[in-house]
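K.L.:
got a sequence here, can you build the structure:
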Amino acid sequence: MKKQYGVKGILLAPLIFAVALVALLFEGHISQLDRELDDEYERIGREFFRASKMLTILDYSFNNYIKVRQSLRLTHTRQIVNGVCQMRPKLNTTAADGDDVNSQPVNPKYIIVGDEALCDRSSALYHDVGFRIALAPVISFLHDLDDYLIGVHYIDPSGYVISSPETLTVKMTPEVLQLIKSPDWEVYQNLSEERPIKVRGPIVFREIQYSEPLLSLMLPVYANHQFEGMISLDILLKKLLGSNRRFAGKLNMIDTRVAQLPPDAYRAFHLSEPGILFHHSIYYRMSWKNELYQFVHMKKNMLFIVAAMYVLAVMLFLFMNTRSAKSYYEGLAVRDPLTGLRNRRGFEAFLESKQHQSYVAIAMFDIDDFKAINDSFGHDVGDDVIRYVGDQVRCHIRSTDTVARYGGEEFVLYLTAEHESHLKATLLRVKEELCNESDMVVEKGFTISGGVEIIASSELNDIDAILKSADKKLYAAKASGKNQLIF
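P.N.:
Here you go, the predicted structure:
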């Protein structure tokens, strides 16, 4: 019987293969995630490099145009809100109140905030702003270059800020301006002309009522070796780090001087850029649950194929199992369980499908004194004798012939040949071989008696009559002394 599988085996074997295949797909998904993270880290590095160049451009502009006053300045509206002066450019206007403006229509978006004195045209603060105002449109232009730039500012320690857009500074309070004017402000610490760009954050600027974490790149401005102010680029981390929507998790940034990487940090990357003083790392916040959901979403077609393969494999195993069981039970119906030979039904089925040669021999063999063997040596030895006879007959006839056990110690042989004499010689040889080697299975051996019918194949019509005739000859052989074949 071919090996059959239980229900558990049928379900588990394909399942193990399917799980292994899904695991390989998930490993590929994680490898793809690693590659995309590397690409993201490289992109973020390029953006910081670009931002550093923008700061360098602004620094150069402030130092080279520091003496320019009013000739490029637009007229501005001025108003005091909650103790803070706010100045905005008048759009598409001509000069007014003695202010010189360019007649070309422009549309800069910036704001200048400072102490109340800034709104007084006769004040020193208002006068000082005039030396910087020419570069306000440049600040506005640079802000529009990248969507992650939430603000570009010039911070002057005398107490004013030029900012584009006005989002971060419009709600500035007198207390914040006082902080800007204080030499103890932490932003002004450890500055020099040779020091690289300073990085502040990630931080939420609650003092200006902004709730999103920002990162500020800050570069000091020096003129004639004197500190003049700070240029700042405020980067909205949500936009900078969240551009890849294929990620299931989020990229995060920490200042490693004040925070440690969380346990779920994956593929941390320490930022390092020439000219920028970084103490920061970027990491991917891994959630295996979300990653698995993302994997299923992205690989749903492939997973459907794997599931279909699993179902087909189970169906195939069930089909093979059923076919094997059917073959086994069909075999039981036509085979003798003790010897593996054909039984009566199997012998009849063999004859129905067999193509015969000119002559056919049907022989009935019987073990002489088999009951005495059982009585003397036991039924186990008797079974060995029966198996021995079946094996020996099968070994001494051609594959085109057959032998069947008809019950008890009786065997039926079928042989076919072109000549009758060949059939007789073969049967006599088989009988002699059986008897000569029988002492191998039982002490003193045993003999065989048989009755044989040899007929032309054209006369093989009534197999029952032929078997009866051979059986009569068998009994005649036993009655006349045993150990012989009667033809």
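
K.L.:
rest of the way, CA atoms for contacts and neighbours
P.N.:
OK.

K.L.:
which is the next helix or strand following the helix or strand bottoming out on mean pLDDT in the chain?
P.N.:
Least confident helix or strand of the chain, by mean pLDDT, DSSP states H and E, is helix 300-334 with a mean of 75. With elements assigned by DSSP states H and E, the helix or strand that comes after helix 300-334 is helix 344-353.

K.L.:
that next one packs against which elements?
P.N.:
helix 300-334, strand 402-407 (3 or more C-alpha pairs under 8 Å, 6 or more residues apart in numbering; DSSP states H and E).

K.L.:
mind checking those for the one nearest to Gln32?
P.N.:
Set against Gln32 and scored by C-alpha to C-alpha, the helices and strands packed on helix 344-353 come closest in helix 300-334, at 15.6 Å.

K.L.:
in that closest one, which residues are buried?
P.N.:
Neighbour-count burial for helix 300-334 flags 303, 306-307, 309-311, 313-314, 317-318, 320-321, 324-325, 331-332, 334 (criterion: 16 or more other C-alpha atoms under 10 Å).

K.L.:
report the separation between the nearest residue to His280 once chain neighbours are set aside and Leu125.
P.N.:
Leaving aside its chain neighbours, His280 sits nearest to Asp255 (4.5 Å; criterion: C-alpha to C-alpha, 6 or more residues apart in numbering). Noted for Asp255: a distance of 36 Å to Leu125, by C-alpha to C-alpha, to the nearest Å.

K.L.:
then Gly159?
P.N.:
The gap separating Gly159 from Leu125 is 8 Å, by C-alpha to C-alpha.

K.L.:
please apply the same query to Ala265.
P.N.:
48 Å.

K.L.:
give me the angle between the longest helix seen in the chain and helix 300-334.
P.N.:
Longest helix in the chain by number of residues (criterion: DSSP state H): helix 7-64. When axes from the mean of the first three to the mean of the last three C-alpha atoms, to 10 degrees is applied, the directions of helix 7-64 and helix 300-334 differ by 170 degrees.

K.L.:
which residues touch the helix or strand just after helix 7-64?
P.N.:
Heading C-terminal from helix 7-64, the first helix or strand you meet, by DSSP H and E, is strand 76-81. For strand 76-81, the external contacting residues (C-alpha atoms under 8 Å, 6 or more residues apart in numbering) are 85-90, 116, 119.

K.L.:
following element in sequence after strand 76-81, please.
P.N.:
strand 84-89.

K.L.:
adjacent strands (with direction) for the helix or strand following that following strand?
P.N.:
Remark: after strand 84-89, the chain's next helix or strand is strand 111-114, criterion DSSP H and E. Paired neighbours of strand 111-114 in the sheet (DSSP bridges): strand 84-89 (antiparallel), strand 160-164 (antiparallel).

K.L.:
got these as a markdown table, with distance to Pro220 and mean pLDDT columns?
P.N.:
Below are the strands paired with strand 111-114 laid out as a markdown table (distance: least, C-alpha to C-alpha, whole Å; pLDDT from 0 to 100):
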| stretch | distance to Pro220 | mean pLDDT |
| --- | --- | --- |
| strand 84-89 | 24 | 88 |
| strand 160-164 | 14 | 89 |
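
K.L.:
from the ones you listed, which stretch is densest packed?
P.N.:
A comparison of these by mean neighbour count, using mean count of other C-alpha atoms under 10 Å, puts strand 160-164 on top with a mean of 26.

K.L.:
what's the offset of that strand from the middle of its chain?
P.N.:
Between the centre of strand 160-164 and the centre of its host chain there is 51 Å, according to C-alpha atoms, centre = their mean, to the nearest Å.

K.L.:
ok, stretch 52-64 next?
P.N.:
Relative to the chain's own centre, stretch 52-64 is displaced by 48 Å; criterion: C-alpha atoms, centre = their mean.

K.L.:
what do you get for stretch 471-484?
P.N.:
The chain centre lies 77 Å from the centre of stretch 471-484; the measure is C-alpha atoms, centre = their mean.

K.L.:
contacts for it, please.
P.N.:
In contact with stretch 471-484 (C-alpha under 8 Å, 6+ apart) are residues 364-366, 368, 447-452, 485-487.

K.L.:
for those residues, pick the one with the most neighbours.
P.N.:
Using other C-alpha atoms under 10 Å as the neighbour criterion, Gly450 leads the contacts of stretch 471-484 with 31 neighbours.

K.L.:
that one reaches Glu409, doesn't it?
P.N.:
No: with contact defined as C-alpha atoms under 8 Å, Gly450 does not count as touching Glu409 (11.7 Å).

K.L.:
overlap in contacts, these two.
P.N.:
Asp366.

K.L.:
buried residues of stretch 389-403, list them for me.
P.N.:
Buried, per 16+ other C-alpha under 10 Å, within stretch 389-403: 389-394, 397, 401-403.

K.L.:
of these, closest to Glu418?
P.N.:
When the buried residues of stretch 389-403 are compared for distance to Glu418 (C-alpha to C-alpha), Asp401 wins out at 13.2 Å.

K.L.:
okay, that closest one: pLDDT?
P.N.:
Looking at Asp401, its pLDDT reads 90.

K.L.:
which one is Glu193 nearest to, not counting chain neighbours?
P.N.:
Per C-alpha to C-alpha, 6+ apart, closest to Glu193 is Tyr222, 6.7 Å.

K.L.:
domain assignment for the protein?
P.N.:
What automatic domain parsing lists as the domains of the chain is 65-244, 344-486.

K.L.:
circling back: surely the residue nearest to Glu193 is in a strand?
P.N.:
Yes: secondary structure of Tyr222, determined by DSSP: H, G, I helix; E, B strand; the rest coil: located in a strand.

K.L.:
in the stretch 351-487 of the chain, where is pLDDT below threshold?
P.N.:
Of all residues in the stretch 351-487 of the chain, none has pLDDT under 70.

K.L.:
now the helices: where do they sit in it?
P.N.:
370-377, 379-395, 420-436, 463-479 (DSSP state H, counting those that start in this stretch).

K.L.:
what's the closest of these to Ser353?
P.N.:
helix 463-479 (13.6 Å).

K.L.:
can you give me the buried ones in that closest one?
P.N.:
466-467, 469-478.

K.L.:
turn those residues into JSON lines, including distance to Ser164.
P.N.:
Converted to JSON lines, the buried residues of helix 463-479 look like this (distance: C-alpha to C-alpha, whole Å):
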{"residue": "Ile466", "distance to Ser164": "115"}
{"residue": "Leu467", "distance to Ser164": "113"}
{"residue": "Ser469", "distance to Ser164": "119"}
{"residue": "Ala470", "distance to Ser164": "117"}
{"residue": "Asp471", "distance to Ser164": "117"}
{"residue": "Lys472", "distance to Ser164": "121"}
{"residue": "Lys473", "distance to Ser164": "121"}
{"residue": "Leu474", "distance to Ser164": "119"}
{"residue": "Tyr475", "distance to Ser164": "122"}
{"residue": "Ala476", "distance to Ser164": "125"}
{"residue": "Ala477", "distance to Ser164": "123"}
{"residue": "Lys478", "distance to Ser164": "123"}
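
K.L.:
one step back: Ala265 and Leu125: which is more packed in?
P.N.:
Leu125 (19 against 16).

K.L.:
show residues contacting the host helix or strand of that one.
P.N.:
Leu125 is part of helix 124-129 when elements are defined by DSSP H and E. Helix 124-129 is contacted from outside by 117-121, 158, using C-alpha under 8 Å, 6+ apart.

K.L.:
dump it to PDB, restricted to CA.
P.N.:
Below are the C-alpha coordinates for helix 124-129, written out as PDB (Å, rounded to 0.1, in the frame of the first residue of the first chain):
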ATOM      1  CA  ALA A 124      17.100 104.000  16.300                       C
ATOM      2  CA  LEU A 125      15.400 100.600  15.900                       C
ATOM      3  CA  TYR A 126      13.500 101.700  12.900                       C
ATOM      4  CA  HIS A 127      16.700 103.200  11.500                       C
ATOM      5  CA  ASP A 128      18.600 100.000  12.000                       C
ATOM      6  CA  VAL A 129      16.000  97.900  10.300                       C
END
